[in-house]
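Colleague: I would like to see how this sequence folds:
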Amino acid sequence: MKNNLSNPVSRRVFLGAGFTLGSVLAVEQALGSSGAEALELERGVTVLFQGDSITDAGRDRQTMDPNSREGLGRGYPYLLAAALLADHPALGLKVYNRGISGNKVPDLAARWQGDAMDLRPRVLSILIGVNDIWHKLNGRYDGTVAQYEEGYRVLLGETLDEIPKVQVVICEPFVLRCGAVDDRWFPEFDQRRAAARKLADEFGLTFVPFQSMFDQAVKAAPAEYWAADGVHPTLAGHALMAKAWRQVTGL
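Modeller: As a prediction, this is how the structure comes out:
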């Protein structure tokens, strides 16, 4: 299997700065060696959001059609779909949300063919990792950081191999220190975040550092304002994610 390290999508990194209430989220781009290209959209392409409950966001899993209010849920994929469809009415974009609550990397792998490969996305956004540690803390899973990284690596390699033109966005797993999140999560959660970043660099993929974003956001409002239980974003948290995702990807 080839790693497809020549993927034309440049790595673009979000850097939070000077976050205050009412301010515009500050973004600078740290450019990779291959240049500063933003992601691109063409007529009729598919945009796919994948992940766990943060992406799922209460979507109706019986609704399989693209661009469906019910099928997109109530979180950042819905907000992004609305913005992309409004900004590009002539492109005929197809936007799907296939996040499933409770998923870990092995769960993505088990359903990847039908829920990702078969949709042939041009843009594929993945946010996965919080359950890989949360379920472990609850005694429902025993996966290690190394297994998270390697399983994710295999998933990315197979995807890039089968869909060479896909533009993959790796979203950084994040938590806020409130609700369910306490000292037990660390340092292992940070190690899983680092693994996601490592894979984005390894494959030359776009990376959205949500943790850095929320670390800036809590300077403006308490952690509970952005994610009441420390994991699942509030409406404000989802809106912040959508804003950062667009600024990083250039879409």
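Colleague: pLDDT below threshold where in this structure?
Modeller: 1-37 (pLDDT under 70).
Colleague: can you pull out the helices in it?
Modeller: Assigned by DSSP state H, the helices in the chain fall at 53-56, 69-72, 76-87, 105-115, 130-137, 145-162, 188-203, 210-217, 223-226, 235-249.
Colleague: so what's residue 94 bridging to?
Modeller: On the basis of DSSP bridges, residue 94 is bridged to residue 46.
Colleague: and for it, the neighbour number?
Modeller: Neighbour count of residue 94, defined by other C-beta atoms under 10 Å: 19. (Glycine included, C-beta is placed from N, CA and C.)
Colleague: list the contacts of it.
Modeller: Taking C-beta atoms under 8 Å, 6 or more residues apart in numbering, we find residue 94 in contact with 44-47, 66-67.
Colleague: can we see that at 7 Å?
Modeller: 46, 66-67 (C-beta atoms under 7 Å, 6 or more residues apart in numbering).
Colleague: want to throw those residues into a markdown table with neighbour count and distance to residue 193?
Modeller: Formatted as a markdown table, the contacts of residue 94 follow (neighbours: other C-beta atoms under 10 Å; distance: C-beta to C-beta, whole Å):
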| residue | neighbour count | distance to residue 193 |
| --- | --- | --- |
| 46 | 16 | 28 |
| 66 | 19 | 30 |
| 67 | 16 | 32 |
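Colleague: ok, these vs residue 125, which is closest?
Modeller: residue 46 (11.6 Å; C-beta to C-beta).
Colleague: that closest one contacts residue 121, correct?
Modeller: Yes - the criterion here is C-beta atoms under 7 Å, and residue 46 meets it with residue 121 at 4.6 Å.
Colleague: would TSV of the helices of the chain with distance to residue 178 and mean neighbour count be doable?
Modeller: Listed next are those as TSV, based on distance: least, C-beta to C-beta, whole Å; neighbours: other C-beta atoms under 10 Å:
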stretch	distance to residue 178	mean neighbour count
helix 53-56	15	24
helix 69-72	27	18
helix 76-87	19	20
helix 105-115	25	15
helix 130-137	14	21
helix 145-162	24	18
helix 188-203	14	18
helix 210-217	11	21
helix 223-226	4	18
helix 235-249	12	20
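Colleague: adding distance to residue 170, write these out as TSV.
Modeller: Converted to TSV, the helices of the chain look like this (distance: least, C-beta to C-beta, whole Å):
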stretch	distance to residue 170
helix 53-56	13
helix 69-72	21
helix 76-87	15
helix 105-115	12
helix 130-137	14
helix 145-162	8
helix 188-203	4
helix 210-217	10
helix 223-226	21
helix 235-249	11
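Colleague: quick one: closest of those helices to residue 99.
Modeller: Nearest of those to residue 99, taken as C-beta to C-beta: helix 53-56 at 2.8 Å.
Colleague: give me the distance from that closest one to the chain's centre.
Modeller: 10 Å (C-alpha atoms, centre = their mean, to the nearest Å).
Colleague: mind exporting the C-alpha coordinates of it to PDB?
Modeller: Extracted in PDB, the C-alpha atoms of helix 53-56 (Å, rounded to 0.1, in the frame of the first residue of the first chain):
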ATOM      1  CA  SER A  53     -21.100  11.900  18.700                       C
ATOM      2  CA  ILE A  54     -19.600  15.400  18.200                       C
ATOM      3  CA  THR A  55     -20.100  14.900  14.500                       C
ATOM      4  CA  ASP A  56     -23.300  12.900  14.700                       C
END
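Colleague: so what touches it?
Modeller: Contact with helix 53-56 is made by 49, 73, 75, 77, 97, 99-102, 127, 232-233, as judged by C-beta under 7 Å, 6+ apart.
Colleague: if we use 8 Å, what do you get?
Modeller: By C-beta under 8 Å, 6+ apart, the list of residues contacting helix 53-56 from outside reads 49, 73, 75-77, 97, 99-103, 127, 130-131, 231-233.
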